[in-house]
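> Kindly return the folded structure for what I paste below:
(2 chains)
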Amino acid sequence: KAGVTQTPRYLIKTRGQQVTLSCSPISGHRSVSWYQQTPGQGLQFLFEYFSETQRNKGNFPGRFSGRQFSNSRSEMNVSTLELGDSALYLCASTEDRGERNTIYFGEGSWLTVV
Amino acid sequence: AQSVAQPEDQVNVAEGNPLTVKCTYSVSGNPYLFWYVQYPNRGLQFLLKYITGDNLVKGSYGFEAEFNKSQTSFHLKKPSALVSDSALYFCAVRARSIYSGAGSYQLTFGKGTKLSVIP
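This is a model prediction of the structure:
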C-alpha cells in the first residue's frame, strides 16, 4: 500500500505570493491533517479534514486554509506569504477519527519564502 | 489542554549501549501516546503507540516504550543502540481537542530529542 504522498517536495516562493500544497492519503484513509514544522516552534497542528469537512483547526491565521475532496485527497493553501511561513509542511492520514488509530505522515513539502 | 515534554534536547549514547529518550505528558482523560522518528530531510515515521493494556509497548526497529501512569511518562527505550538510530525523536499525545466538536482529535507533539549514537 502506498504511503501518504505530498507534492511538491520543495518549493521557493516570494513574499506576498500564495502557495498550494497537495496531499494524497493512504488508500482507505478518510481523515487528513496538516502540521507545520519549524526549528523555533516545532510541530504545530494546522487543521484536520474528514469527509470533506474541516473538523478541527489549530491556532493559525486565516491566511492558512485547506480543503478535502471526495476522494480524500487534500490541499492546503497559504496566501500572502510571509518569511515566517518558511517551514516543512507535513500531511498525515488515518482511517477515521478515532483516537486509537495511528496517524501516518508523508515526507513533507519544504516551503522557502524569500 | 494536552501537552508533552521532552526534557532533553539531545541524547548521546555509545553504539551497543542501551538508550532512553524521555517523555512526560499532561492530558485530561485517557492518554493515547505515540513515538515518531524523523531522519534528516524526511517526514515522520511511526515507531509505536500506547492505547491500553500492557505498559510495555514494543515497536519498530527494536524500540519499546514504557507507559507509567503515576509518573505520566512514556519513555522510549532500546536495549542496544545502532549508529543508524541517530535521528530526531518525537513523543506525541492524542486527545480530544477542546476547540472542536465531538470526535475531533489532534496530535500534540513534544519539542523533539536529537539522538546521536556514537560509533
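> going forward, measure contacts and count neighbours with C-alpha atoms only.
Fine.
> Does at least one residue of the helix or strand where residue B:116 lies sit close to chain A?
Assignment of secondary structure by DSSP states H and E places residue B:116 within strand B:113-118. No: using CA under 8 Å from any CA of the partner chain, strand B:113-118 stays clear of chain A, with a minimum separation of 11.2 Å.
> which helices and strands does that strand pack with?
Applying 3 or more CA pairs under 8 Å, 6 or more residues apart in numbering or on different chains; DSSP states H and E, one finds that strand B:113-118 makes contact with strand B:10-14, strand B:87-96.
> Please identify the deepest-packed of the ones you listed.
Comparing the helices and strands packed on strand B:113-118 by mean neighbour count (mean count of other CA atoms under 10 Å in any protein chain shown), strand B:87-96 comes out on top with a mean of 25.
> what's the spacing between residue B:112 and chain A?
8 Å (CA to the nearest CA, to the nearest Å).
> what sits against that residue?
A:42, B:6, B:9, B:88, B:89, B:90, B:91 (CA atoms under 8 Å, 6 or more residues apart in numbering or on different chains).
> again, 10 Å this time
Shown in contact with residue B:112 (CA atoms under 10 Å, 6 or more residues apart in numbering or on different chains): A:42-43, B:4-10, B:21-23, B:36-38, B:87-92.
> Also residue A:28?
Residue A:28 sits next to A:71, A:72, A:93, A:94, A:95, A:96 when contact means CA under 10 Å, 6+ apart.
> ok, 6 Å please
Contact analysis of residue A:28 by CA atoms under 6 Å, 6 or more residues apart in numbering or on different chains lists nothing.
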